[in-house]
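Peer 1: Sequence first, then the predicted structure, then my questions.
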Amino acid sequence: MKVTDIKTINVDCFRTNWVFVKVYTDEGIDGVGEATLEYKEKALIGAVEHIKEYLVGKNPMEIEKHWHAIYRDAYWRGGAVLMSALSAVEMALWDILGKALNVPVYQLLGGKVNDKVRIYVNGWFAGAKEPEEFGEKAKIAVKRGITAMKWDPFGKNYLNISNSELDKALRNVAAVREAVGNNVDLLIEGHGRFNIPTGVKIAKELEQFKVMLFEEPVPPDNLDALKAVKDKSPVAISAGERLYTRWDYKKMFDLMAADYIQPDISHAGGIMELKKIAAEAECRYIPFAPHNPSGPVANAATLQLAATCPNFEILEIMYSDVTWRKDVTDEKLEYSEGYMTIPDKAGLGIEINEEECLKHPYQPHTLRHYTGALTDIRPAKSELYF
């Protein structure tokens, strides 16, 4: 079997663009991956084109060999663009291998440890602005059986936060806690916003709400700063969505800078790289909670990986999405009582509909995190994800 072509497919999904990657072979078996890289899609497509120059004509089943050659020969190693391109292609190669052998990818990674995985939802708050609105939307989510939810209550603040803005953020958290009771886990997103003293101050304030974790309290560039917050925080700290490969994670582990790790399958190197990172975390008794707010192919790949990791803790899932999500793939998710079942189809268990994808071409979108528009992540008409 030989690779004959690699194609990227951009699909507008309102808050960003999904970027799907499809690898074709001369035996008619193709594989899909996802490299969704918010707001940097054009750079990503160029990186995939470079990988195509290497991979066409080669055996797609030699996954580890190709991963190392592509990583090595990039020369400027790591980073979001190069690693996202490699991640998506690596996913697609696993998909091809699974389909060729007629087994799900999890079987190729040693088989299931988990038949189902616990989830927490993101995006449940779409459109909410005031604390009371967050509380009402949280009630709706819990009625659907949601047992854990994440959001960023910090508005457009960066590095510092005034006492009045912090008070509003804490009223937001209080409203959600009151709405859902004590049996639902709350995860507070920081988006890498704050400096060390502000991160510590907020962490101490969050303790009263019994939050499960405080994610990315400081920018991702300095793991010593993350460690400084963790050392003084009374609540668990999570991080890692903006770290790439096991080499980035080495310092995270050497410092023990986070209580939960959150690598992203679309950015950190793909399926096998995340399994290696998870294994390193396992021997340090650090729970594995992958970052997963992207599209349906990334979700399918992450579910296959989660099935095989003994230290898997909880998986991020989007609560709702654009109405055409159901059209661009054949995704079918089985959800019950806070858990999602691992699918058993061959490969990644998902196919994209290229014709439907073309109906939603690339649209430019910009980062909302520091504009005060973070909750505007869904169009007026959207539908539940699962």
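Peer 2: Yep, that arrived.
Peer 1: so where do the strands sit in the stretch 151-300 of the chain?
Peer 2: For the stretch 151-300 of the chain, the strands defined by DSSP state E, counting those that start in this stretch occupy 185-189, 213-215, 237-239, 260-261.
Peer 1: same check, this time on the stretch 1-150 of the chain
Peer 2: Under DSSP E, counting those that start in this stretch, the stretch 1-150 of the chain gives strands at 3-12, 17-25, 31-34, 116-122, 148-151.
Peer 1: out of the ones you listed, deepest packed?
Peer 2: strand 31-34 (a mean of 28; mean count of other Cβ atoms under 10 Å). All C-beta atoms are positioned from the backbone trio N, CA, C, and that covers glycine.
Peer 1: which helices and strands sit right next to it?
Peer 2: strand 17-25, helix 80-101, helix 296-306 (3 or more Cβ pairs under 8 Å, 6 or more residues apart in numbering; DSSP states H and E).
Peer 1: List the strands paired with that strand, with their directions.
Peer 2: Partners of strand 31-34 in the sheet, by DSSP bridges, are strand 17-25 (antiparallel).
Peer 1: Can you tell me the closest non-neighbouring residue to the spatially most central residue of the chain?
Peer 2: For the chain, residue 292 is the residue whose C-alpha lies nearest the centre (Cα atoms, centre = their mean; 2.0 Å). Nearest residue to residue 292, sequence neighbours excluded (Cβ to Cβ, 6 or more residues apart in numbering): residue 316, at 4.3 Å.
Peer 1: I'd assumed residue 248 was in contact with residue 273.
Peer 2: No. Between residue 273 and residue 248 there is no contact under Cβ atoms under 8 Å: 10.5 Å.
Peer 1: Which of those two has more residues huddled nearby?
Peer 2: Shown here are residue 273 and residue 248; by other Cβ atoms under 10 Å, residue 273 has more neighbours (24 against 20).
Peer 1: Provide a list of residues in contact with that one.
Peer 2: 67, 87, 90, 245-246, 263 (Cβ atoms under 8 Å, 6 or more residues apart in numbering).
Peer 1: before we move on, the earlier item: element containing the residue nearest to residue 292, please.
Peer 2: Assigned by DSSP states H and E, residue 316 falls within strand 315-318.
Peer 1: next helix or strand past that strand?
Peer 2: strand 320-322.
Peer 1: neighbouring contacts of that next one?
Peer 2: Here strand 320-322 has contacts from 13-14, 123-124, 126, 360, 378-379, 382-385, using Cβ under 8 Å, 6+ apart.
Peer 1: What subset of those residues is buried?
Peer 2: 13-14, 123-124, 126, 360, 378, 382, 385 (16 or more other Cβ atoms under 10 Å).
Peer 1: and the residues you listed as JSON lines, adding distance to residue 320 and pLDDT?
Peer 2: Output for the buried ones among the contacts of strand 320-322, formatted as JSON lines (distance: Cβ to Cβ, whole Å; pLDDT from 0 to 100):
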{"residue": "13", "distance to residue 320": "11", "pLDDT": "96"}
{"residue": "14", "distance to residue 320": "11", "pLDDT": "95"}
{"residue": "123", "distance to residue 320": "6", "pLDDT": "95"}
{"residue": "124", "distance to residue 320": "8", "pLDDT": "96"}
{"residue": "126", "distance to residue 320": "7", "pLDDT": "94"}
{"residue": "360", "distance to residue 320": "17", "pLDDT": "98"}
{"residue": "378", "distance to residue 320": "6", "pLDDT": "90"}
{"residue": "382", "distance to residue 320": "5", "pLDDT": "87"}
{"residue": "385", "distance to residue 320": "5", "pLDDT": "81"}
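Peer 1: and those, which two are the farthest apart?
Peer 2: Pairwise distances across the buried ones among the contacts of strand 320-322 (Cβ to Cβ) peak at 23.3 Å, for the pair 124 and 360.
Peer 1: For stretch 348-358, measure first residue to last.
Peer 2: 22 Å (Cα to Cα, to the nearest Å).
Peer 1: do stretch 318-329 as well
Peer 2: Stretch 318-329 end-to-end distance (Cα to Cα) = 16 Å.
Peer 1: on that earlier part again, with respect to residue 134, which of the contacts of strand 320-322 is nearest?
Peer 2: Distances from residue 134 to the contacts of strand 320-322, taken by Cβ to Cβ, are shortest for residue 124, at 9.1 Å.
Peer 1: in terms of contact, does that closest one touch residue 146 like I think?
Peer 2: Yes. Between residue 124 and residue 146 there is a contact under Cβ under 8 Å: 7.1 Å.
Peer 1: Identify the contacts common to these two.
Peer 2: With Cβ under 8 Å, 6+ apart as the test, residue 124 and residue 146 both reach residue 319.
Peer 1: in the stretch 101-250 of the chain, which spans are helices?
Peer 2: Counting by DSSP state H, counting those that start in this stretch, one finds helices in the stretch 101-250 of the chain at the ranges 105-108, 131-143, 163-180, 196-206, 223-232, 245-255.
Peer 1: Give me the residues contacting the third one.
Peer 2: Put plainly, it is helix 163-180. Against helix 163-180 from outside (Cβ under 8 Å, 6+ apart): 131-132, 134-136, 138-139, 141-142, 149, 151, 153-155, 157, 161, 186, 188, 201-202, 205-206, 209-211.
Peer 1: at 6 Å instead, please
Peer 2: Helix 163-180 is contacted by residues 131-132, 134-135, 138-139, 142, 153-154, 157, 205, 209 when judged by Cβ atoms under 6 Å, 6 or more residues apart in numbering.
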